[in-house]
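In: what would the 3D arrangement of this be:
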Amino acid sequence: MELQQTDSNKPMELNIPPFNPTNTKIWFIQLKRVTSQRARYCYLVEKLPLEVVEEVTDFLENVPEERPYDTLKQAILQRTGVSNEAMLRNLFTQVELGDRMPSQLFRHMKALLGDNKMLDSIMKSLWLDKLPPTTKQILAPMSEETATEKLADIADRIHESSWSRQVYAHQRQPD
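Out: A predicted model of the protein is given here:
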């Protein structure tokens, strides 16, 4: 059996999004539900964009007998993945809250950190710097003693509250 089964005869349906070249490690996690190396390999090849296929053509033309998925995955990560240095640079310079919730931003920043290690206090400080000023002011008194995950939950509530006030104020404005 190549895939985990949803019933006795049908393989489970996988809804894998298009390949994401900006954080390939996270994208590969979505294939963990597939239990066979060969099936994972097939799902992976099906989702690869042309520019990635061009980079790993040698692996596609000569499919390894043993561990084909792992071999192809490693080649993709080496040849097309964003380097750890680039992800860290992005973490420090490019990441913004945008339309994310503060907790989503924190999880995104942790994902960008990848295999790199950073003191929790530095990560917390980086994350807080990317929040709106009013949210930072509210969180400041509790930020030293409170775990970042807990602060992120509180920041989400603050963010939702301020967003609701903005929508309400916009709806009340006369035309």
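In: and the protein, what are its domains?
Out: As assigned by automatic domain parsing, the chain contains the domains 24-80, 84-172.
In: gap between the longest one and the chain center?
Out: Distance, stretch centre to chain centre, for domain 84-172: 15 Å (C-alpha atoms, centre = their mean, to the nearest Å).
In: what of the first one?
Out: Here domain 24-80 shows a centroid-to-chain-centroid distance of 18 Å under the convention C-alpha atoms, centre = their mean.
In: before we move on, the earlier item: just send the domains of the chain back as JSON lines, with mean neighbour count and distance to Ile16 too.
Out: Any C-beta I mention is one placed from the backbone N, CA and C, and that applies to glycine too. Rendered in JSON lines, the data for these read as follows (neighbours: other C-beta atoms under 10 Å; distance: least, C-beta to C-beta, whole Å):
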{"stretch": "domain 24-80", "mean neighbour count": "15", "distance to Ile16": "5"}
{"stretch": "domain 84-172", "mean neighbour count": "14", "distance to Ile16": "18"}
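In: those: lowest mean pLDDT?
Out: Taking each of these in turn, the one with the lowest mean pLDDT is domain 84-172, at a mean of 82.
In: wait, doesn't Phe59 sit right on Ala75?
Out: Yes: distance between Phe59 and Ala75: 5.1 Å, which falls inside the contact criterion (C-beta atoms under 8 Å).
In: can you redo the domains of the chain as TSV with distance to Pro17?
Out: Converted to TSV, the domains of the chain look like this (distance: least, C-beta to C-beta, whole Å):
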stretch	distance to Pro17
domain 24-80	7
domain 84-172	15
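In: for Pro18, which of those is the nearest?
Out: Distances from Pro18 to each of the domains of the chain were compared by C-beta to C-beta, and the smallest falls on domain 24-80, at 6.2 Å.
In: what's the end-to-end length of that closest one?
Out: 8 Å (C-alpha to C-alpha, to the nearest Å).
In: ok, stretch 21-32 next?
Out: Using C-alpha to C-alpha, one end of stretch 21-32 lies 18 Å from the other.
In: swap in stretch 114-127?
Out: In stretch 114-127, first residue to last residue: 16 Å (C-alpha to C-alpha).
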